[in-house]
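Visitor: got a structure for you, letters missing:
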DNA sequence: GCGACAG
DNA sequence: ATCTTGTCGC
């Protein structure tokens, strides 16, 4: 399953201005509403298969680790994808590519998008939905890594970030109860009308004790998923840990695969 | 000029 | 992201 928009594939050799122009194009091409065929209520349900008709959707989690070269510097990115269906892992794949540019806030997809697209290419199953470690629409030009890869592959996608890149929470996000969500709205730093709903701070897990608390995740539409569904999906997929299961498993697989290569 | 910034 | 020590809680 090749990319639908290879012309928008992230290219680390572009000038910064060209990268930003491409991101505006991606933000325009992106669909920030529900536009998928599967039933979102079956996402986190291990019994969905037994319950009835169609197979539950294939969900993939994507995450990266990094490899050092001879000089001890990071020179390669490893992207790991884990595919799940009905709560079970059905496939895994990974790819390694050279790092072309440093980490620059707002340009993450041009650093890590290459290995992600390769790993998705190698994955022997067609995903219905992808969850990324990073932003989607919560991005200066509404084109975070989840949106970028989603548009290039025309794949429904969701951004799951552990910290907020831009935008403004409508209210405090401190010490939210489990299951709570707080809207993240566009501000002057975002290329969108002020106040537009970019995504949600989502509290998947929380302590009972009052002294310490867990930070929320920042969930935003990547492509073909609305903000409500994005938050619903993350909550449904994060039953046991803070991170949604596909992303958590991709995280550990990225570490495992790194250890097997680096050696 | 200053601040602020996914992974 | 990666590194790394220390602490809390079941």
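Guide: Arrived safely. Not measured: the values here are computed from a predicted model. Numbering: from 1, shown residues only, chains lettered A, B, ... in the order given.
Visitor: for the residue in the stretch 51-200 of chain A that DNA strand C sits nearest to, name its beta-bridge partners.
Guide: Closest to DNA strand C within the stretch 51-200 of chain A is residue A:65: 3.3 Å, counting by Cβ to the nearest atom of the strand. In short, each C-beta sits where N, CA and C put it, glycine included. Beta-bridge pairing of residue A:65, defined through DSSP bridges, involves residue A:78.
Visitor: now the stretch 151-263 of chain A against DNA strand C: closest residue?
Guide: Using Cβ to the nearest atom of the strand, the closest approach of the stretch 151-263 of chain A to DNA strand C is made by residue A:209 at 5.6 Å.
Visitor: count the residues that sit near that residue.
Guide: 7 (other Cβ atoms under 10 Å).
Visitor: quick check, it in a helix?
Guide: No: Residue A:209: not assigned to a helix; according to DSSP: H, G, I helix; E, B strand; the rest coil it is coil.
Visitor: quick one, phi/psi of it?
Guide: phi -70, psi 150 (degrees, to the nearest 10).
Visitor: and it, what does it touch?
Guide: Shown in contact with residue A:209 (Cβ atoms under 8 Å, 6 or more residues apart in numbering): no residues.
Visitor: can you tell me which residues in the stretch 101-250 of chain A are near DNA strand C?
Guide: Within the stretch 101-250 of chain A, the positions near DNA strand C by Cβ under 7 Å from any atom of the strand are A:133, A:162, A:209, A:211.
Visitor: closest to residue A:95 among those residues?
Guide: Taking Cβ to Cβ as the measure, residue A:95 sits nearest to residue A:133 out of those, at 15.6 Å.
Visitor: let me know the secondary structure of that closest one.
Guide: strand.
Visitor: who does it bridge with?
Guide: residue A:160.
Visitor: report the separation between it and DNA strand B.
Guide: Per Cβ to the nearest atom of the strand, to the nearest Å, residue A:133 is found 5 Å from DNA strand B.
Visitor: same check, this time on residue A:98
Guide: Here the distance between residue A:98 and DNA strand B works out to 15 Å (Cβ to the nearest atom of the strand).
Visitor: and that residue, how many neighbours?
Guide: Burial measure for residue A:98: 12 neighbouring residues, criterion other Cβ under 10 Å.
Visitor: quick check: closest non-adjacent residue to it.
Guide: Sequence neighbours aside, residue A:76 is the residue nearest to residue A:98 in space, at 5.6 Å (criterion: Cβ to Cβ, 6 or more residues apart in numbering).
Visitor: would you agree the one you found falls within a strand?
Guide: Yes: following the definition three-state DSSP, residue A:76 is counted among the residues of a strand.
Visitor: hang on, it packs against residue A:65?
Guide: No: counting by Cβ atoms under 8 Å, residue A:76 does not reach residue A:65; the two are 9.6 Å apart.
Visitor: neighbour count for those two, which is higher?
Guide: residue A:65 (24 against 17).
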